[in-house]
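Asks: My questions concern the predicted model and sequence given below.
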Amino acid sequence: MGGNSTLQWRTVVQRLIKTEMSRRDVRYQELSERLAAVGTQQSADNLRNKVNKGILGADLLLQILSVLQVKNVNMQELEDIFTDIQGR
């Protein structure tokens, strides 16, 4: 994984969050509620837009991973996503 385009990195962020949400069967409304419970106000629509564009701050990314109870981010998975999108 190198210093490639911002668009590719945004796609990695998008897929990471969507994968973790899918693994836990969490929809955007529930994600919004979980974030609200820790003091972060984000509507379901706002979250959907940010995730679909892959554009969100590091603080929100970490909060999302936290409320989804992600214990590890597998760097090999991220590299696989990155390789997949480079191959297109």
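Replies: Alright, I've got the coordinates. Numbers count the residues shown, from 1 in each chain.
Asks: When you work out contacts or count neighbours from here on, use the C-alpha atoms and nothing else.
Replies: Noted.
Asks: Would you map the helices across this structure?
Replies: Assigned by DSSP state H, the chain shows helices spanning 6-23, 28-37, 44-53, 58-67, 75-86.
Asks: Need the ones you listed in TSV (columns: mean pLDDT).
Replies: Below are the helices of the chain laid out as TSV (pLDDT from 0 to 100):
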stretch	mean pLDDT
helix 6-23	94
helix 28-37	98
helix 44-53	98
helix 58-67	97
helix 75-86	88
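Asks: Please tabulate the ones you listed in CSV, including the columns mean neighbour count.
Replies: Listed next are the helices of the chain as CSV, based on neighbours: other CA atoms under 10 Å:
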stretch, mean neighbour count
helix 6-23, 17
helix 28-37, 17
helix 44-53, 16
helix 58-67, 14
helix 75-86, 14
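Asks: Just give the closest residue to F82, not the sequence neighbours.
Replies: In space, F82 comes closest to V12 once its chain neighbours are excluded; the distance is 6.4 Å by CA to CA, 6 or more residues apart in numbering.
Asks: mind listing what the one you found touches?
Replies: 54, 78, 81-82 (CA atoms under 8 Å, 6 or more residues apart in numbering).
Asks: Swap in 10 Å and give it another go.
Replies: Listed by CA atoms under 10 Å, 6 or more residues apart in numbering, the contact set of V12 reads 6, 18, 54, 77-85.
Asks: For it, give its distance to V38.
Replies: 25 Å (CA to CA, to the nearest Å).
Asks: okay but V70 is in contact with E20, surely?
Replies: Yes. Using CA atoms under 10 Å, V70 is in contact with E20, at 7.4 Å.
Asks: which neighbours do those two share?
Replies: Residues within reach of V70 and of E20 at once, by CA under 10 Å, 6+ apart, are I64.
Asks: May I have stretch 66-79 as CSV, with CA atoms only?
Replies: The C-alpha trace of stretch 66-79 is given here as CSV (Å, rounded to 0.1, in the frame of the first residue of the first chain):
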residue,chain,number,x,y,z
SER,A,66,-15.3,1.7,18.7
VAL,A,67,-19.1,1.6,18.8
LEU,A,68,-19.0,-1.3,16.4
GLN,A,69,-16.6,-3.0,18.9
VAL,A,70,-14.0,-3.7,16.3
LYS,A,71,-11.1,-5.2,18.2
ASN,A,72,-8.6,-5.4,15.4
VAL,A,73,-8.1,-3.8,12.0
ASN,A,74,-6.6,-6.5,9.8
MET,A,75,-3.9,-4.8,7.7
GLN,A,76,-3.9,-7.7,5.2
GLU,A,77,-7.6,-7.1,4.6
LEU,A,78,-6.9,-3.4,3.9
GLU,A,79,-4.1,-4.3,1.5
